[in-house]
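In: Generate a structure from the sequence data that follows.
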Amino acid sequence: MATHRMARVNEEIRRELARILPSVKDPRVPSLISVTAVEATGDLKECKVFVSALNGDEKEMLRGLKSSGSYIRGALARNLKLRYTPELTFYADPSIKYGMHINEKLHELGLDGTGENDDEE
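Out: The predicted structure follows:
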């Protein structure tokens, strides 16, 4: 039962962070940023946040998020009613960029699923 609760808490944290992160004023943090996953520890003291952005440098984005950590954590504390607000650690998640790369390669091969190359047989 604890794992079900943690899954709900992780989803709530992810949802709130997805709402908060676009309001970060640091220029290193792009306005189009996605929170792909959140993994909080059982005691809610620490939380890994996986983020992805289509544009910009990932290292600079992570530096911007780290420097804005106190603002983000404070906004999270105001919006979620938890006993503890976890310490946030941000990690780059390359899955969106990787998916776009695979889609481009499939498009180059004509296997993108649009059906445009079906009549060449």
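In: Please make it C-alpha for all contacts and neighbour counts, starting now.
Out: OK.
In: Go over the secondary structure and confirm C47 is in a helix.
Out: No - read with DSSP: H, G, I helix; E, B strand; the rest coil, C47 is strand and lies in no helix.
In: so who does it touch?
Out: Contacts for C47 (Cα atoms under 8 Å, 6 or more residues apart in numbering) come out as V38, E39, A40, T41, P86, E87, L88, T89.
In: helices or strands up against the helix or strand hosting the first one?
Out: Counting by DSSP states H and E, the element that carries V38 is strand 33-40. The contact analysis (3 or more Cα pairs under 8 Å, 6 or more residues apart in numbering; DSSP states H and E) places strand 33-40 against helix 2-20, strand 46-53.
In: Identify whichever of those lies nearest to K66.
Out: strand 46-53 (11.2 Å; Cα to Cα).
In: And the helix or strand following that closest one, what's buried?
Out: Note on strand 46-53: by DSSP H and E, the next helix or strand toward the C-terminus is helix 58-67. Neighbour counts over helix 58-67 (16 or more other Cα atoms under 10 Å) mark E58, M61, L62, G64, L65 as buried.
In: Looking at those, which is nearest R14?
Out: L65 (14.8 Å).
In: Quick one: residues contacting the nearest residue to that closest one once chain neighbours are set aside.
Out: Leaving aside its chain neighbours, L65 sits nearest to V29 (6.7 Å; criterion: Cα to Cα, 6 or more residues apart in numbering). Shown in contact with V29 (Cα under 8 Å, 6+ apart): E60, M61, L62, G64, L65.
In: Please tell me the pLDDT value assigned to V29.
Out: The per-residue pLDDT reported for V29 equals 90.
In: so how far is H107 from V38?
Out: 32 Å (Cα to Cα, to the nearest Å).
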